[in-house]
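> Here is my input, please return the structure:
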Amino acid sequence: MTELAKNATESNPSQRWVGYREELKVLDCTIRDGGLMNSSKFTDEEVRAVYDACADSGIDYMEIGYKNCKKIFSPEKFGPWRHCDESDILRIIGDNPRNIKMSVIADAEKSNYKTDILPKKDSPIDMIRVATYIHQIPLAIDMIKDAHEKGYETTVNIMAISTVRESELDEGLEMLAKSPVGTIYLVDSFGSLYSEQINYMMNKYMKVAKPGGKQVGIHAHNNLQLAFANTIEAIVDGANMIDATMAGLGRGAGNCQLEMLLGFLHNPKYRMRPILECIEKYIEPMRAKLGWGFDYPYMLTGFLNRHPKSAMDFNESEKRGRIVEFYDEMSK
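Below is the predicted model:
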């Protein structure tokens, strides 16, 4: 136990440090979210390194990629982690799987979930996470039911909530509360929310989820350099499924950094050193080419509550670095 956690516990014996909640689980989505920066074209060596580091560190879940349609995401253009065939996953985990659960995300309207998601007994996957926009929730519920009936743990990620009318969000949450989903995720898709808004949303999500025995998760993006702070706020407010990535690797500005999360949790269940080793050897060498992380165009899309695609396109063009020009374009 770190000195900070020890002091927090000893000063009030009736309360344990927030990171010691037994039900709190950490999910690494480095390969899945990072795949949005390289079309999911990680090498087997890189994926296996992340898998081993997560297992060595005591991480609860590793999200290895997407379970999405090959007709939409052609294997000629996208790597295997956009589809996560069982044979690809088994090639990584081998014949001696580690003590860590595996998850994948299936996007509403982009996944042939009825055929591509096999029964749990035939798959090394443990959890199916459904990503949905607010208007897709009826389909997302069908996907959740399908995965639940096949034997999987399930979560649902409602995306772009910062653009959704509150009445629509309330209706969607009520529908999900009646579904068999295990965890409902608060997702800051555009990295535009502040901690006060996270607190407000967490209270809303918890009020709906808890009576139905469901948990709430947090998935934060770092456009305004608040992913870590917002993740802490969500944990304090009761989130028990926590997403993070190594060195923040993820779409655009990236995500809450896994190494920082582990440092905050002060939980001896989790070990930081294997994560740092993987970052040093495999993740940081990718940064120059993939270019994720805080950046002024991503900052501006965060302030404007817009999808970061425009910033990603700008950074991939010959205009990269001309931040005033991007500001003027976005301000029109």
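> could you point out which element follows the lowest-mean-pLDDT helix or strand in the chain?
Ranked by mean pLDDT, DSSP states H and E, the weakest helix or strand in the chain is helix 3-11, scoring a mean of 48. Going down the chain from helix 3-11, the next helix or strand is strand 25-28, by DSSP states H and E.
> For that following strand, which helices and strands make contact with it?
If you count contacts as 3 or more CB pairs under 8 Å, 6 or more residues apart in numbering; DSSP states H and E, strand 25-28 packs onto strand 61-66, strand 241-244, helix 258-265. Just so you know, the C-beta spots here come from the backbone N, C-alpha and C atoms, and that holds for glycine as well.
> repeat that with 6 Å
In this structure, strand 25-28 makes packing contacts with strand 241-244, judged by 3 or more CB pairs under 6 Å, 6 or more residues apart in numbering; DSSP states H and E.
> Near Ile134, how many other residues are there?
By the criterion of other CB atoms under 10 Å, Ile134 has 18 neighbours.
> Show the contacting residues for it.
For Ile134, the contacting residues are Val164, Glu168, Gly172, by CB atoms under 6 Å, 6 or more residues apart in numbering.
> burial of the last one, as a residue count?
In other words, Gly172. Quick note: Gly172 (other CB under 10 Å) scores 25 neighbours.
> Among the contacts of Ile134, name the ones in helices.
Glu168, Gly172 (DSSP state H).
> Distance to Gly252 and pLDDT for the contacts of Ile134 - can I get that in TSV?
Converted to TSV, the contacts of Ile134 look like this (distance: CB to CB, whole Å; pLDDT from 0 to 100):
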residue	distance to Gly252	pLDDT
Val164	20	96
Glu168	25	97
Gly172	25	97
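> Would you format the contacts of Ile134 as JSON lines with distance to Met143 included?
Output for the contacts of Ile134, formatted as JSON lines (distance: CB to CB, whole Å):
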{"residue": "Val164", "distance to Met143": "19"}
{"residue": "Glu168", "distance to Met143": "19"}
{"residue": "Gly172", "distance to Met143": "14"}
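> ok, the contacts of Ile134 vs Ser123, which is closest?
The closest of these to Ser123 turns out to be Gly172 (CB to CB; 28.3 Å).
> Nearest residue to the closest one in space, ignoring adjacent ones along the chain?
Ile137 (4.8 Å; CB to CB, 6 or more residues apart in numbering).
> Next up, identify which helix or strand that neighbour is on.
In this structure, Ile137 sits in helix 137-149 according to DSSP H and E.
> now Thr154
Assigned by DSSP H and E, Thr154 falls in strand 153-158.
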